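Visitor: sharing a model prediction with you, sequence too.
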Amino acid sequence: MTKLGVLASGRGSNFQSIIDAIGSGGLDAEIACLITDNDEAYAIERAKQHGIPHVYINPSGFETKDVFYRSIADELKFCDVELVVLAGFMRVVKKPLIDAFPMRIMNIHPALLPSFKGLHAQRQALEYGVKIAGCTVHFVDEGVDTGPIILQEAVPVFSDDTEESLSERILEYEHQIYPRAIKLYTEGRLMVTGNRVIVAD
Ligand code: GAR
């Protein structure tokens, strides 16, 4: 069974979607630990409710970002994690963590990458005026939202959308594609060649 380590900074609804997929038998994985960079993250409550070990690692307790990410990598290794899942982890992951889990860190982003990287992707989409927004699950590399794309889902933008209504609509799709992408990984069906991810039948 694939052991997952989830990193989250806030609400944790994507974390919940993974918990639920495992609970319903749709995903053959185990969440070995939740790591947060925020001791008030609601994700911690979710971990408690489901008996998932959770650790808060205070980013300001480290001299450099590299040391912070080394400490996260150490914790994940200690928990025997195979796949790292960023679920609303609002930081740019640095080399020590990426090198410890090459092509074994996934992220979900609320836009159709490579459009609207970085923060407030849904607001960026509205301000740009696109008619189709969406979400992307990708492997994490050293860039910001640049790694090989695993799955994407298109989501319509309506003329009366606000940032909140669009975010909510996109989120429904996030909750579907993230467990699906993790499932593909656990089934050994993802092959990375260059910047492409080939999904085996
Ligand atoms: C989600 O919409 C996720 O795609 C986004 O933050 C939200 C977290 O919600 N992530 C990013 O913007 C990363 N750049 P959640 O805490 O309820 O899963």
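Guide: Now that the structure is in, tell me what you want to look at.

Visitor: and the strands in the protein?
Guide: 2-8, 29-36, 54-56, 83-86, 105-109, 132-139, 149-156, 190-193, 196-199 (DSSP state E).

Visitor: let me have those strands in TSV, extended by mean pLDDT, distance to residue 47 and mean neighbour count.
Guide: Backbone N, C-alpha and C define where each C-beta goes, glycine included. Below are the strands of the chain laid out as TSV (pLDDT from 0 to 100; distance: least, Cβ to Cβ, whole Å; neighbours: other Cβ atoms under 10 Å):
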stretch	mean pLDDT	distance to residue 47	mean neighbour count
strand 2-8	98	8	24
strand 29-36	98	4	21
strand 54-56	98	4	16
strand 83-86	98	13	24
strand 105-109	98	18	23
strand 132-139	98	21	24
strand 149-156	98	24	17
strand 190-193	98	26	13
strand 196-199	98	29	13
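
Visitor: residues in contact with the closest residue to residue 184 other than its chain neighbours?
Guide: Of all residues not flanking residue 184 in the chain, residue 190 sits nearest, at 5.3 Å (Cβ to Cβ, 6 or more residues apart in numbering). Taking Cβ atoms under 8 Å, 6 or more residues apart in numbering, we find residue 190 in contact with 150, 184, 197, 198, 199, 200.

Visitor: okay, the residues you listed in JSON lines with distance to residue 58 next?
Guide: JSON lines is the format used below for these (distance: Cβ to Cβ, whole Å):
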{"residue": "150", "distance to residue 58": "31"}
{"residue": "184", "distance to residue 58": "34"}
{"residue": "197", "distance to residue 58": "34"}
{"residue": "198", "distance to residue 58": "39"}
{"residue": "199", "distance to residue 58": "38"}
{"residue": "200", "distance to residue 58": "41"}
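
Visitor: of those, which is the nearest to residue 20?
Guide: Taking Cβ to Cβ as the measure, residue 20 sits nearest to residue 184 out of the contacts of residue 190, at 17.5 Å.
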